[in-house]
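Student: below: sequence and its predicted model.
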Amino acid sequence: MKALDTQVIIVGGGLAGLCCAIELQKNRISFNILEADDQIGGRVQTDVVDGFLLDRGFQVLLSAYPECRRMLNYEALKLRRFYPGALVWFQGEFHRITDPWRQPFSALKTVFSPIGTLNDKIRISRLRRKSISGTLDSLFEHPETSTLLAIKEMGFSDSMIDRFFKPFFGGVFLDRSLETSSRMLEFTFRMFSTGDTVIPEQGMGQIPKQLASHIPSDVIQTQTVVRSVKPHAVELSCGEVLKADAVVVATEGHRSAELIDDFPKVSSVPVTCLYFAAKKSPVSEPVLILNGESRGIINNLCVPSAVSPAYATGNSALISVTVLGNPDLDNGVLEELVRENLSEWFGADVRHWFYLRTYRIQHALPQVHPPALTPPQRPVKSETGLYVCGDHRDMPSIHGAMVSGRRTAEAVIKDLS
Ligand SMILES: Cc1cc2nc3c(=O)[nH]c(=O)nc-3n(C[C@H](O)[C@H](O)[C@H](O)COP(=O)(O)OP(=O)(O)OC[C@H]3O[C@@H](n4cnc5c(N)ncnc54)[C@H](O)[C@@H]3O)c2cc1C
């Protein structure tokens, strides 16, 4: 058995693994990160394709995430903001929802839109008040149910649920059925209400890159697959066994369950994202577009280059289309269905959009049906010498992954000292 000259081996270089490493480094504990992929970042990566920046699945940073505020230099990321609202496709036209989580009464148009009733606007402001009052910890003392049940109990109309909550929070949770925990609803509502929805100028992949810049590059080994783990040791796919004082498994939840004996099963939700390039942007503003109808394959769409022009080349536009789940269709058929849906929204021009790439992410988010978030955090210590972090230990999000990394490092530091 070979001893790596390090105190801690971290398996996985996503946000959780990187934040764990940073915390260990602050406490002068040596570590090595073993990452299976050819680069760090895990689920938050940006590919450059024909000069376009393609995030691996549409995702955004909520600037209010407390852990991101702690760990990231927002200025250096050059964050670009989305319009605080959305355009909802319903009955042949787009309807604007203006800032529903911050100023529900800011636009008279919103009040009379077919998306929701005046009562819905009042309920939105109640939900907002409930979500932002008290501390984050006190939010997690509210009873947990499904999002759908919670919004029905709050009295939202069916039209508001079908035309706003299902496409909007369905897109956030990757679950249009809204079976996701009401704690995610309140947590994300708080984040939307108290900050901006942003992307870094040069793509979401800048987030893990910035985190990795705090640690020496020679302690990160990419293209290194760990086959099995036990306390104080890991076995690589090549058969080599490495020893350390502690092993931290920072992989996706389902992988942690494969690697660690008796680890509870983690179910995950898939998502599919298609990218197109167009000569002309279908929208002139940095706005999220939602499918408010129960038909059509698209859930949501945006034009990242309208938020940050660096996402596209020259005067062209980059379009990101989100389809929930992982449809059992080959990419060509899926593209055709998406184009059909898009043509209805944007007309014949869509035929000329250039297809760039499809991402199918089978394990995009851990599934958190109630009572999954009671308590809101799950243990990070498996046994002495073996620890686990990742978004499946916390709120499934960028924030949760980063918090879990820090929590795990704290557990390791406590045991090693
Ligand atoms: C399409 C999509 C949209 C999303 N939208 C949002 C959003 O808008 N806002 C938000 O807050 N969150 C969003 N998320 C969630 C967020 O990206 C994740 O919660 C977070 O990135 C998880 O980080 P992690 O470190 O826990 O796991 P990961 O990023 O999955 O990192 C795990 C790492 O472990 C590595 N690994 C796995 N097995 C092994 C092995 N055997 N050996 C070595 N290495 C291994 C993997 O390669 C990976 O790099 C989205 C996720 C996706 C996929």
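Tutor: Done, it's in.

Student: quick one: contacts for E67?
Tutor: C19, H399, M402, V403, R406 (C-beta atoms under 8 Å, 6 or more residues apart in numbering). For glycine as for every other residue, the C-beta is placed from the backbone atoms N, C-alpha and C.

Student: buried set for the helix or strand encompassing it?
Tutor: According to DSSP states H and E, E67 maps onto helix 66-71. For helix 66-71, burial by neighbour count (16 or more other C-beta atoms under 10 Å) applies to E67, C68, M71.

Student: for the contacts of E67, which one is nearest S131?
Tutor: Within the contacts of E67, proximity to S131 (C-beta to C-beta) peaks at H399, which comes in at 14.8 Å.

Student: my read: the closest one touches R70, true?
Tutor: No: applying C-beta atoms under 8 Å, one finds H399 not in contact with R70, separated by 9.9 Å.

Student: gap between E336 and the ligand?
Tutor: Distance from E336 to the ligand, counting by C-beta to the nearest ligand atom, to the nearest Å: 22 Å.

Student: could you do F94 as well?
Tutor: 22 Å.

Student: shouldn't that residue be within a strand?
Tutor: Yes: assessed by DSSP: H, G, I helix; E, B strand; the rest coil, F94 belongs to a strand.

Student: identify the bridge partners of it.
Tutor: W89 (DSSP bridges).

Student: count the neighbours of it for me.
Tutor: Residues near F94, counting by other C-beta atoms under 10 Å, number 15.

Student: same check, this time on S228
Tutor: So S228, with other C-beta under 10 Å, has 14 neighbours.

Student: so it: helix, strand or coil?
Tutor: strand.

Student: please report the distance of it from P379.
Tutor: From S228 over to P379 the distance is 21 Å, taken as C-beta to C-beta, to the nearest Å.

Student: one more: G51?
Tutor: G51 is 45 Å from P379, by C-beta to C-beta.

Student: report all helices and strands that the top strand by length along the chain contacts.
Tutor: Criterion DSSP state E: the longest strand present in the chain is strand 354-366. Contact analysis of strand 354-366 by 3 or more C-beta pairs under 8 Å, 6 or more residues apart in numbering; DSSP states H and E lists strand 46-49, strand 52-55, helix 253-259, strand 268-278, helix 331-346 as its packing neighbours.

Student: give me whichever of the ones you listed is most buried.
Tutor: strand 52-55 (a mean of 24; mean count of other C-beta atoms under 10 Å).

Student: hang on, the earlier thing: which other residues reach the helix or strand just after the helix holding E67?
Tutor: Going down the chain from helix 66-71, the next helix or strand is helix 74-77, by DSSP H and E. For helix 74-77, the surrounding residues in contact (C-beta under 8 Å, 6+ apart) are S63, C68, P200, E201, Q206, I207, Q210.

Student: what about the helices in the stretch 151-300 of the chain?
Tutor: According to DSSP state H, counting those that start in this stretch, the stretch 151-300 of the chain carries its helices in the segments 158-160, 166-173, 182-194, 206-212, 253-259.

Student: out of the contacts of E67, which comes closest to L139?
Tutor: H399 (13.1 Å).

Student: residues from the stretch 101-250 of the chain in reach of the ligand?
Tutor: Residues of the stretch 101-250 of the chain found near the ligand (C-beta under 6 Å from any ligand atom) are V225, V226, A250.

Student: take the helices of the stretch 151-300 of the chain and write them to TSV, including mean pLDDT and distance to S268.
Tutor: Converted to TSV, the helices of the stretch 151-300 of the chain look like this (pLDDT from 0 to 100; distance: least, C-beta to C-beta, whole Å):
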stretch	mean pLDDT	distance to S268
helix 158-160	93	29
helix 166-173	97	12
helix 182-194	95	14
helix 206-212	98	20
helix 253-259	96	6
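
Student: ok, which of these comes nearest S294?
Tutor: helix 166-173 (8.3 Å).

Student: where does pLDDT dip in the chain?
Tutor: Residues of the chain meeting the criterion pLDDT under 70: 1-4, 99-113.

Student: got the contact list for the closest residue to Q91 other than its chain neighbours?
Tutor: Excluding its sequence neighbours, the residue lying closest to Q91 (C-beta to C-beta, 6 or more residues apart in numbering) is P114, at 7.1 Å. Applying C-beta under 8 Å, 6+ apart, one finds that P114 lies in contact with F90, Q91, H95, S159, R163.
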